[in-house]
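# Quick one: sequence and predicted model below, then my questions.
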Amino acid sequence: NPFDLVVRNARVATASDTFDSDIGIRGGRIVQLGLDLPSGTREIDAAGRVVTPGGVDAHCHLDQPMAPPARMADDFDSGTRSAACGGTTTVIPFAAQEKGQSLRAAVRDYHQRAEGKAHVDHAFHLIVSDPTPQVLSEELPALIREGYTSFKIYMTYDDLKLDDGQILDVLEVARRHDAMAMIHAENSDCIEWLTKRLESAGRTAPRFHAHSRPMLVEREAAHRVISLAELVDVPILIVHVSGREAVEQIRWARAHGLNVFAETCPQYLFLTAEDLGIDDDYRGAKCVCSPPPRNKANQEVIWNGLADGLFTVFSSDHAPFKYDAPEGKKPGGEEVAFRHIPNGIPGLETRLSLLYTHGVLQGRITLNRFVELTSTNPAKANGLHPRKGTIAVGADADLVIWQEGQRTIRNADLHHDVDYTPYEGIEVQAWPAYTLSRGEVVWDGEFHPRAGRGEFLRRGRPTLLPKQAA
Ligand code: URP
Ligand code: ZN
Ligand code: ZN
Ligand code: ZN
């Protein structure tokens, strides 16, 4: 038999086209497209259904070690389970270097964390927090050559942040070795100064987290890193962009011909600062993430950027902490000052359905743009395209077969190990009927576990744009 599986009568959507086709799959890959393919060992009837490439979530945090007592709720088992059930077939979490640690040691540690656990394919971005001469001249270039072709750097958080000189050094390595640099852009000193003022006024409830990180803090850092990247002459990707002020900086950079890419996330479309609590309600800790969600007007700015091409990538920034747990949003079991609440919210499983429903079905973005933002561009930005991120002969058979129909997001239906979802109660009109990972059904309304089936992906160079002239 030429096919292990034929997905029949699909309405196939890629980043550039929509067409009716059968999808012939053998050995985990797409081997033929066209109508009236011969029958396969197995058949799935997709008549009337949209089929997209599996989601590529290029920004999520799984099992990343934290300062005690904080601990991430999802490891590679529960995190990739949740991904599969929401239509995501590739995840790229972070291997974070601790200050004083070698990058190699961080990478080894993450491979051990993923070993035997992942249900879908995965890679690691590096987090560079200690750019020693050894890291800059040897470790980072060697790891890039070995297929870790992207890294994140932070402008805030004491245990991760780099100063401007260090950022220039690291960006120079990205330029020389053709890697993708992801930037967390927030001004650390402004945040600390504001946090101390809020604390001395007794303003420590979760909602003051948003007051400690107003948009200008993100705008200043975005402007600064754009300048640093211009000086080095290297593309950058500014991650988790939250609202108007950072967007204005990115539009300015683009208008001046700079290769500044931008990512946004569901929290900036579906949450506002009010979700951090009315009065001093501690349950607002559930939505404490950085940058914080803004307001309705800023949600519209983000929607416009998704529609008009400003944004390149739509990721979850899944950073899972339980709410009612001493290792989560209540450190040591206590309601603490916002400074001590672990930053981050879950969103791996709900990312695609939220954007499909509120973006595509509500007419804000096209189906092809949805595919580009959630699968094709993240694959290109991370050297995984065309193996990942498209439906084409030769690509991995990572597919989502969509079903339309009313559904309400309930944490009880999700597959992560977090005790809440920030999107509880939001209506969606589309959800994966099937998720296929390399031709295997991992989700068909129930999860089909096989921990360890997910492969580590050695990546190529980013292919978002032709390489810049020197
Ligand atoms: O609050 C957030 N976003 N936590 C995750 C870490 C990060 O900076 O992306
Ligand atoms: Zn970040
Ligand atoms: Zn993140
Ligand atoms: Zn089944």
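Cool, the structure landed. Predicted, not measured: the structure shown is a model, and the values here were computed from it. Numbers count the residues shown, from 1 in each chain. Ligands and ions are numbered 1, 2, ... in the order given.
# Now for residue 230, how many residues are close by?
Residue 230 has 16 neighbouring residues, counting by other C-beta atoms under 10 Å. The C-beta positions use only the backbone N, C-alpha and C, and glycine is treated the same way.
# Which helix or which strand is home to residue 432?
Under DSSP states H and E, the secondary-structure element containing residue 432 is strand 427-437.
# which of the residues in that strand are buried?
Residues of strand 427-437 classed as buried: 428-437 (neighbour count, 16 or more other C-beta atoms under 10 Å).
# If you count contacts, what does that strand end up packed against?
Here strand 427-437 is seen to pack against helix 76-85, strand 88-91, helix 351-355, strand 399-408, strand 440-443 when contacts are counted using 3 or more C-beta pairs under 8 Å, 6 or more residues apart in numbering; DSSP states H and E.
# Between the two ends of stretch 456-464, how far is it?
Taking C-alpha to C-alpha, to the nearest Å, the first and last residues of stretch 456-464 lie 22 Å apart.
# Figure out how far it is from the centre of its chain.
Per C-alpha atoms, centre = their mean, to the nearest Å, the displacement of stretch 456-464 from the mean C-alpha position of its chain is 16 Å.
# Rounded mean pLDDT for that stretch, please.
This predicted structure assigns stretch 456-464 an average pLDDT of 96.
# ditto for stretch 35-46
Looking at stretch 35-46 alone, the average pLDDT works out to 98.
# for it, the distance to its chain's centre please.
Shown here is stretch 35-46, whose average C-alpha point lies 33 Å from the average C-alpha point of the whole chain (C-alpha atoms, centre = their mean).
# Then stretch 295-310?
18 Å.
# so what's the closest residue to ligand 1 within the stretch 101-250 of the chain closest to, chain neighbours aside?
Sorted by distance to ligand 1 under C-beta to the nearest ligand atom, the residues of the stretch 101-250 of the chain start with residue 184, at 4.9 Å. For residue 184, the nearest residue in space outside its immediate sequence neighbours is residue 154; the separation is 4.5 Å by C-beta to C-beta, 6 or more residues apart in numbering.
# Quick one, grab the pLDDT at the one you found.
Confidence per residue is given as pLDDT, and for residue 154 that number is 98.
# Name whatever forms a beta bridge with it.
The residues paired with residue 154 through beta bridges, assigned by DSSP bridges, are residue 161, residue 184.
# And residue 184, how far from residue 380?
Here the distance between residue 184 and residue 380 works out to 21 Å (C-beta to C-beta, to the nearest Å).
# of those two, who's got more company?
Remark: of residue 184 and residue 380, residue 380 carries more neighbours, 25 against 21, as counted by other C-beta under 10 Å.
# so who does the more buried one touch?
Residues in contact with residue 380, defined by C-beta atoms under 8 Å, 6 or more residues apart in numbering, are 389, 462-464.
# which of these count as buried?
The neighbour-count criterion (16+ other C-beta under 10 Å) marks 389, 462, 464 among the contacts of residue 380 as buried.
# what about the helices in the stretch 201-350 of the chain?
Secondary structure of the stretch 201-350 of the chain (DSSP state H, counting those that start in this stretch): helices at 208-211, 215-232, 244-255, 267-270, 296-308.
# Over to the stretch 51-200 of the chain?
Taking DSSP H, counting those that start in this stretch as the criterion, the stretch 51-200 of the chain carries its helices at 76-85, 103-114, 133-134, 140-145, 164-177, 188-200.
# between those, which one is nearest to residue 455?
Nearest to residue 455 among the helices of the stretch 51-200 of the chain is helix 103-114; the distance by C-beta to C-beta comes to 10.1 Å.
# ok now that closest one, how far from the chain's centre?
Mean-position distance between helix 103-114 and its chain equals 20 Å (C-alpha atoms, centre = their mean).
# buried residues in that helix?
Residues of helix 103-114 classed as buried: 103, 106-107, 109-110, 113-114 (neighbour count, 16+ other C-beta under 10 Å).
# who's in contact with it?
62-63, 65, 75-76, 93, 95-98, 122, 124, 126-128, 135, 139-140, 143, 148, 454, 456.
# So what's the model's average confidence on that helix?
Throughout helix 103-114, pLDDT has a mean value of 98.
# What separation do you get for the residue of the stretch 101-250 of the chain closest to ligand 1 and residue 370?
As defined by C-beta to C-beta, residue 184 lies at a distance of 25 Å from residue 370.
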